[in-house]
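1. need a 3D model of the sequence below.
(2 chains)
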2 protein chains.
Amino acid sequence: MEIAIQEIRDAIGSDVDIISTDPDDLHAHGYSEWSTVNTESLPVAVAYPRSTADVSTIAQVCYKYHVPIIPYSGGTSLEGVDFAYMDQIVQFNQEDMDVVVQPSIGWQDLNEQLSKMGSGLFFPVDPGPSAKIGGMIGTNCSGTNAVRVVKTRRRPRKSSAGYNLNGLFVGSEGTLGLVTEATLKLAVVPEDLSVAVVTFPTIRHAAAAAAEVMQTGIPVAAMEIMDEVQMRVVNLGGATAPRVWDEVPTLFFKFSGTKASVKENIGSVQRIARRNSGSNFEFAKNSREQKLLWSARKESLWSMLALRRDGEEVWSTDVAVPFSRLADIIEVSKKEMDELGLFASILGHIGDGNFHESILYNPVNGEREKVEECVKKMVKRAIDMEGTCTGEHSIGWGKKESLLLEVGPETLDVMRTIKASLDPRWIM
Amino acid sequence: MEIAIQEIRDAIGSDVDIISTDPDDLHAHGYSEWSTVNTESLPVAVAYPRSTADVSTIAQVCYKYHVPIIPYSGGTSLEGVDFAYMDQIVQFNQEDMDVVVQPSIGWQDLNEQLSKMGSGLFFPVDPGPSAKIGGMIGTNCSGTNAVRVVKTRRRPRKSSAGYNLNGLFVGSEGTLGLVTEATLKLAVVPEDLSVAVVTFPTIRHAAAAAAEVMQTGIPVAAMEIMDEVQMRVVNLGGATAPRVWDEVPTLFFKFSGTKASVKENIGSVQRIARRNSGSNFEFAKNSREQKLLWSARKESLWSMLALRRDGEEVWSTDVAVPFSRLADIIEVSKKEMDELGLFASILGHIGDGNFHESILYNPVNGEREKVEECVKKMVKRAIDMEGTCTGEHSIGWGKKESLLLEVGPETLDVMRTIKASLDPRWIM
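-> Here you go, the predicted model:
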């Protein structure tokens, strides 16, 4: 590895040292407070490439010396590549409504820049506040083989030329290659935007209302569920003070479109909510209220992390099921957590049948094993319901067994065959 | 191959012979009047599997004896697998808005069945009238390795478990495996539907109007362009008689949503059309008129085929470019065709920057070479504009060189590596 580090330094030969072996830096890249699995060993070095050419050089040297390589997001491996300095817009195509970016640009920064330009366009995907494009593409990882720089796809919005390498690399968690550039489709900033919040007596009532919204085809820009525990967590966290939320199952809606269509859709959703015992339907009358109403959803993970006392950790996981089964799996999983005395909150992207559970536990008194058991059961349950062990968090190290359970040995074998063909030294 | 045929017959051992070597059948599967490339040799046999297990047996035997295998759509290979008897709905999940189908069900049959059930749901993709799901997934071809039956993905609308094999197999044109079942997301039949048609003095005016529709984010369910030649072809074909169309560049729109939103969107599109010199804006007042207005678009390929005189053929091809370049490439390509004295019409999915050209030619007097040259130049031009050599027709045999030109040797190498890893005997 030391030879590899020297060879990378020599090959890139920049004034700035692009490789860091500073212990603090290694620790920052080797440990994450919200990862469910952390290794005991830290990376040996962290590389900070400035360009696709740098990334290619790093990958070639690592390949030569069989050095494992992981693009940085949560960072739990031996060698890290941190894209911190690759955070630029490479090319903005206003008329074609697309933008080429480097992996380390944050989606919020990107939208701020697009707004400052007065472009009238935005990148419509809306994950956690700190997410960066690279990570969103697949835990900061996609794109190229160790010795090849490839372009997976050209700019048109549609193509059927050759294999869809885009689809393959997205979500491959850095195990097939490293993303150095991405072209994103943009959407038009809608004429009008609104946010609504409505409470329900039970998760089942909320899920029934959400299903009716889906099944009547009302276009909502987002539809999120939070359970009574998660609402309490937000109140306790205090990030949205002085607003105090009712601690009951709650649906959050985002609407976008023309003024008339937003108004019409709010009306339709309100009627459906009422039919399903929804109450306290509130919708935002201006952008300040929008921000306030949406804030509980945005602050959910930070609120949970803020509740930790000394030594406590948060286990954050997700599964997805066909959406008719969502209320079933949430109910059973909540009951199981309660019986084990664990403090767990739930929130979900209900239209996708995808939900996240955050569990507070203390690793010293055997609680970690309880949590692991509970998560394992929840995953098994999701798979029994024709669901998936993860809707968007991916497999990582924590769900390798779950992946096998979900796809079976034949499909896993196909994945392994592809992996071996693109990364024969298994360094990624 | 004869040993392989016998072994398949023995292994499946059904009362009906699942393998046909009837010369008419071989010809029907080995030649297509709308394929740009036909081989001189016909397939040796055509297999008619009834189930995934049958397909698996066929693939295993072919693998054993190194017999090339092609799922039937246009059919230009040595051994065909025709999914004709696999045309059933396997599982319909009303609440979850999805359906599991076999590959040979037509998209129109599927929608008819969903409508008869009174489900209120439909499969919203809307290609040519005779298309079947298998072909739509990737020229009737995706899914499994010769010796493995794999499920590429589970039912949830979202998953990040393992590699996205779905994305890889879709569009792989039968070169990685055979699709035996597909799960389709369904959409809610909208409250209201409408169709509008508007004419323009030039392709450039029509393209400018379409761009403005995209850039203001007006939700249209479809936006299609047809040039003056294509409109004339429809008139000459007579399939939409007694209606006679103006023979000028024309945009076709489909709108769907609530009554209010459809009305609002029609109004917005009408204003944009007017600003861009559009005239004769017509919109359908009922479903009979809708059908009539949309019929010119639907009949376009058949109208062109109907114009052929003795010995003439139609070359049908497509490219896609970033949509700001669409008018440029159409104008130049039309001019080139005219200069060579070729009769060619154009239609396109303008929102995707994707357009199709149909060229009438007589293969005996050197016209085929002219057409090939023209298409080659158009593809080169599309690629120079950061476009793709095919938006939805795929590569087949006709565009192998274009694929290399588009993606370059490194990316093609990655595709080859994946192909070799999943189909080591290169039989697919």
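2. element containing residue A:234?
-> Assigned by DSSP states H and E, residue A:234 belongs to helix A:228-237.
3. okay, that helix in PDB with CA atoms only?
-> What follows is helix A:228-237, C-alpha atoms only, in PDB (Å, rounded to 0.1, in the frame of the first residue of the first chain):
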ATOM      1  CA  GLU A 228     -46.600   8.900  16.800                       C
ATOM      2  CA  VAL A 229     -43.200   8.100  18.100                       C
ATOM      3  CA  GLN A 230     -41.400  10.000  15.300                       C
ATOM      4  CA  MET A 231     -43.700  13.000  15.900                       C
ATOM      5  CA  ARG A 232     -42.800  12.900  19.600                       C
ATOM      6  CA  VAL A 233     -39.100  12.700  18.700                       C
ATOM      7  CA  VAL A 234     -39.400  15.900  16.600                       C
ATOM      8  CA  ASN A 235     -41.100  17.600  19.600                       C
ATOM      9  CA  LEU A 236     -38.400  16.400  22.000                       C
ATOM     10  CA  GLY A 237     -35.600  17.400  19.600                       C
END
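4. what about the nearest residue to residue A:105 once chain neighbours are set aside, neighbour count?
-> Spatially, and ignoring its direct neighbours in sequence, residue A:105 is nearest to residue A:87 (4.7 Å; Cβ to Cβ, 6 or more residues apart in numbering or on different chains). C-betas here are computed from N, CA, C, even on glycine. Residue A:87: 17 surrounding residues under other Cβ atoms under 10 Å in any protein chain shown.
5. residue A:87 contacts residue A:107, correct?
-> No - between residue A:87 and residue A:107 there is no contact under Cβ atoms under 8 Å: 11.7 Å.
6. the bottom helix or strand of chain A by mean pLDDT?
-> Across the helices and strands of chain A, the lowest-confidence element by mean pLDDT, DSSP states H and E is strand A:79-81, at a mean of 64.
7. give me the below-cutoff pLDDT ranges for the stretch 101-250 of chain A.
-> Where the stretch 101-250 of chain A drops to pLDDT under 70, the residues are A:128-129, A:135-136, A:138-160.
8. so the residue in it positioned nearest to chain B, which of the three states?
-> Nearest to chain B in the stretch 101-250 of chain A, going by Cβ to the nearest Cβ, is residue A:167, at a distance of 2.2 Å. Secondary structure, DSSP: H, G, I helix; E, B strand; the rest coil: residue A:167 is helix.
9. what does the stretch 201-350 of chain A have sitting close to chain B?
-> Within the stretch 201-350 of chain A, the positions adjacent to chain B are A:211, A:214-217, A:219, A:257-258, A:260-261, A:264, A:320-324, A:349 by Cβ under 8 Å from any Cβ of the partner chain.
10. quick check: domain ranges of chain A?
-> The record's domain parsing of chain A by automatic domain parsing lists A:2-82, A:89-188, A:192-302, A:306-392.
11. where's the shortest one relative to the chain centroid, distance-wise?
-> Taking Cα atoms, centre = their mean, to the nearest Å, one finds the center of domain A:2-82 at 23 Å from the center of the full chain.
12. what of the third one?
-> Relative to the mean C-alpha coordinate of its chain, domain A:192-302 is positioned 21 Å out (Cα atoms, centre = their mean).
13. kindly check the end-to-end length of it for me.
-> 29 Å (Cα to Cα, to the nearest Å).
14. give me the next element, helix or strand, following the helix holding residue A:234.
-> Downstream of helix A:228-237 (by DSSP H and E), the next one is strand A:250-257.
15. give the buried residues for that following strand.
-> Of all the residues in strand A:250-257, those buried under the rule 16 or more other Cβ atoms under 10 Å in any protein chain shown are A:250, A:251, A:252, A:253, A:254, A:255, A:256, A:257.
16. farthest-separated two in the residues you listed?
-> Farthest apart among those by Cβ to Cβ are A:250 and A:257. That separation is 23.3 Å.
17. in chain A, what residue spans correspond to helices?
-> A:2-12, A:23-30, A:52-64, A:107-116, A:133-138, A:165-169, A:203-215, A:228-237, A:259-275, A:287-298, A:300-306, A:326-339, A:367-384, A:400-422 (DSSP state H).
18. lowest mean pLDDT across the ones you listed, which one is that?
-> Of all the helices of chain A, mean pLDDT reaches its minimum on helix A:133-138 (a mean of 69).
19. excluding its backbone neighbours, what's nearest residue A:316?
-> Closest residue in space to residue A:316, ignoring its immediate chain neighbours: residue A:358 at 5.0 Å, by Cβ to Cβ, 6+ apart.
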